[in-house]
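*Asks:* I need the structure of the sequence given here:
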Amino acid sequence: MRNLWKNLTQSSGAGTDSGDSSLGRDLRALGEVGAFPDLSETALVRLFNRADSRRLAPGDLLFKANSRADALYIVTSGRIALGTDACPDQEHFEPGDWICDVDLDSPGVHAATATAVTQSAALIIDARTHATLDGDLKDYLAHRARQLNLQRLWRLQRLSGALAERGECLTEALFQASTHSSGRFTETETARQLFAKVPALPVSTTLLLNKMLDERTTKNEIVDLVSMDPALTSTLLKAVNSPFYGFQHQVTSISHAIVLLGHNTVYQIIMTESMRRSLPENELFTDVHQRAIELSRLAFTLAQTVNAGKSAEVATIGILGDIGLVITELLKASNPRLKPLFDLLSSAEMGAALLRSWHLPKVLCDSLHYQRYPEFTPPERVPEEVRANVALLYLSRRFLDRLHGREPRSSTLFLDAYMAALKQSHLSETELLYSRLVPRLRANLRQLPRSLADCLTTDPDA
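*Replies:* Below is the predicted model of the structure:
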């Protein structure tokens, strides 16, 4: 074999660069590592007389992802990394290794980029060269490539299994860290005293809430309930005639409001205004209140768009979703020395505990309790009865940030899994927002608060 490689490096055939002594050393090394087992000396000579070679400095690209894949590569010296930009050292190829995930009879594209890690060289057998080879040599290359690809597949399967196991361990650790911080504070006497100081929703509002969550309730029943209660009527008309909705003419009756906005939007307005009465009027609450109105409307429309969950239920969760933030701030204000402790509390659990103290339906309380789970755990850890609500609220928060020109603050670690839970895995997050949700929102601009409507009429990306 040594004599063979000596002869090869002295041959003058095209592509072997016979005057390059370093290439000669590479070829001798390649023979010693058995890059071409069971191939005759005559066939090797024919192959190397036709093949090309390339030398690479560290950082040079052998090929780029998505470029045409029409060649076999055999590393003759150095080290070449194959991987995506996010993971450039996923696989490493050294002398004697083949990079051969290609069909020379039907070239495709490279899935990843190959980059030289050190001073390297590679032998190249492209489709044109391959076409000039005799049948036996073509069969040998095809058989050898299949063998090596199978070995590579087995390695990657083992690596995938190890990474999956590691991912499960990290996910569990993240879950434990994210759910442990609140402990049992919401069950303490301090928490109960705080919740007792927060006025519950008015009885009429709670009755309206339960009516809206009952699928058997008719629209006429909702209209009658609001119309017969002066407090609800006053709350609604005051909100509808505020600059927040921007109607040019005064709205003077429940029926007029329902014609303009629809009974679902009327319900959402009453709920948000009732929440305003229960919580202290401060800068934080003002922000939470405005966001709640926008989030509720967006989540309601998203539920209808993807045909998941119960839209009235999701709208209510959007209204109440950030109530725990206000409760946590109340704790900090009344106990400034314990602020570092309260910073560790889960606002989601605080909000859920407050709703429980108001004796609101379990589905609302549980939806608030699990609302932050998409940021640190897959959908399987969320109870099935509230999984759709949680997924819809998670996406709605992200969409609302995007519509306001902000980068979403929530984690995308399990974004694809929650898209799949809503049967939307065939769409990207951006496609779902701009291709499906935004057109539906624009069709009902009159029913939206002005702050959200303005985003939909001025957003350049929409």
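
*Asks:* shaky segments in the stretch 301-450 of the chain?
*Replies:* By pLDDT under 70, the stretch 301-450 of the chain contains no weakly predicted segment.

*Asks:* any chance you could map the helices in it?
*Replies:* Taking DSSP state H, counting those that start in this stretch as the test, the helices found in the stretch 301-450 of the chain are 311-320, 323-334, 339-342, 347-357, 362-369, 384-403, 415-421, 429-431, 438-442, 450-458.

*Asks:* most packed of those?
*Replies:* Most buried of those, by mean neighbour count (mean count of other Cβ atoms under 10 Å): helix 311-320, with a mean of 26. In short, each C-beta sits where N, CA and C put it, glycine included.

*Asks:* and the contacts of that one?
*Replies:* 209, 212-213, 264, 267-268, 271-272, 275, 292-293, 295-300, 302-304, 351, 355, 363-364, 367-368, 371, 389, 392-393, 396 (Cβ atoms under 8 Å, 6 or more residues apart in numbering).

*Asks:* about what we covered before: distance to Ala191 for the helices of the stretch 301-450 of the chain - can I get that in TSV?
*Replies:* As requested, these are arranged in TSV below (distance: least, Cβ to Cβ, whole Å):
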stretch	distance to Ala191
helix 311-320	18
helix 323-334	8
helix 339-342	11
helix 347-357	7
helix 362-369	14
helix 384-403	22
helix 415-421	30
helix 429-431	36
helix 438-442	38
helix 450-458	33
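
*Asks:* can you say which of the ones you listed is nearest to Gln193?
*Replies:* helix 323-334 (9.9 Å; Cβ to Cβ).

*Asks:* how about the closest one as PDB, C-alpha atoms only?
*Replies:* Coordinates of each C-alpha in helix 323-334 appear next as PDB, following Å, rounded to 0.1, in the frame of the first residue of the first chain:
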ATOM      1  CA  ILE A 323     -54.200  40.900  38.000                       C
ATOM      2  CA  GLY A 324     -51.500  39.000  40.000                       C
ATOM      3  CA  LEU A 325     -49.000  41.700  39.100                       C
ATOM      4  CA  VAL A 326     -51.100  44.300  40.900                       C
ATOM      5  CA  ILE A 327     -51.500  42.100  43.900                       C
ATOM      6  CA  THR A 328     -47.800  41.500  44.200                       C
ATOM      7  CA  GLU A 329     -47.200  45.300  44.000                       C
ATOM      8  CA  LEU A 330     -49.700  45.800  46.800                       C
ATOM      9  CA  LEU A 331     -47.700  43.400  48.900                       C
ATOM     10  CA  LYS A 332     -44.400  45.300  48.200                       C
ATOM     11  CA  ALA A 333     -46.000  48.600  49.000                       C
ATOM     12  CA  SER A 334     -47.400  47.500  52.300                       C
END
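
*Asks:* other SSEs contacting it?
*Replies:* Identification of packing neighbours for helix 323-334 by 3 or more Cβ pairs under 8 Å, 6 or more residues apart in numbering; DSSP states H and E yields helix 189-197, helix 283-306, helix 339-342, helix 347-357.

*Asks:* could you dump these into JSON lines with distance to Asp103 added?
*Replies:* Formatted as JSON lines, the helices and strands packed on helix 323-334 follow (distance: least, Cβ to Cβ, whole Å):
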{"stretch": "helix 189-197", "distance to Asp103": "65"}
{"stretch": "helix 283-306", "distance to Asp103": "39"}
{"stretch": "helix 339-342", "distance to Asp103": "61"}
{"stretch": "helix 347-357", "distance to Asp103": "51"}
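
*Asks:* and those: which comes nearest Ile327?
*Replies:* Ile327 lies closest, by Cβ to Cβ, to one member of the helices and strands packed on helix 323-334: helix 347-357, at 4.7 Å.

*Asks:* what angle separates the closest one from helix 311-320?
*Replies:* 110 degrees (axes from the mean of the first three to the mean of the last three Cα atoms, to 10 degrees).

*Asks:* residue contacts, Lys174?
*Replies:* Actually, residue 174 is Leu. It isn't Lys. Counted by Cβ under 8 Å, 6+ apart, Leu174 has contacts Phe376, Thr377.

*Asks:* what do you get if the cut-off is 7 Å, keeping everything else the same?
*Replies:* Taking Cβ atoms under 7 Å, 6 or more residues apart in numbering, we find Leu174 in contact with Phe376.

*Asks:* against Phe376, how distant is it?
*Replies:* 5 Å (Cβ to Cβ, to the nearest Å).

*Asks:* before we move on, what about Pro439?
*Replies:* Using Cβ to Cβ, we find Pro439 at a distance of 32 Å from Phe376.

*Asks:* what do you get for Phe300?
*Replies:* 26 Å.

*Asks:* the two: who's more crowded?
*Replies:* Between Phe300 and Phe376, counting by other Cβ atoms under 10 Å, Phe300 is the more crowded of the two (27 against 19).

*Asks:* what segments of this structure are strands?
*Replies:* 52-56, 61-63, 68-69, 71-77, 80-83, 91-93, 98-99, 108-109, 113-116, 120-126 (DSSP state E).

*Asks:* to Leu284, which of those strands lies closest?
*Replies:* So among these, strand 80-83 is nearest, using Cβ to Cβ, at 45.4 Å.

*Asks:* what average pLDDT does the closest one get?
*Replies:* Taken as a whole, strand 80-83 carries a mean pLDDT of 89.

*Asks:* strand partners (parallel or antiparallel) of it?
*Replies:* Applying DSSP bridges, strand 80-83 is found paired with strand 91-93 (antiparallel), strand 113-116 (antiparallel).

*Asks:* of all those, which lies closest to Val240?
*Replies:* Of all the strands paired with strand 80-83, strand 113-116 comes closest under Cβ to Cβ, at 57.3 Å.

*Asks:* the closest one: how far from the chain's middle?
*Replies:* 28 Å (Cα atoms, centre = their mean, to the nearest Å).

*Asks:* residues in contact with that strand: which ones?
*Replies:* 56-65, 78, 80-82, 88, 99.

*Asks:* need the buried ones from these selected in PyMOL.
*Replies:* Buried members of the contacts of strand 113-116, identified by 16 or more other Cβ atoms under 10 Å, are gathered into one PyMOL selection as follows:
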select buried, resi 56+62+63+78+80+81+82+99
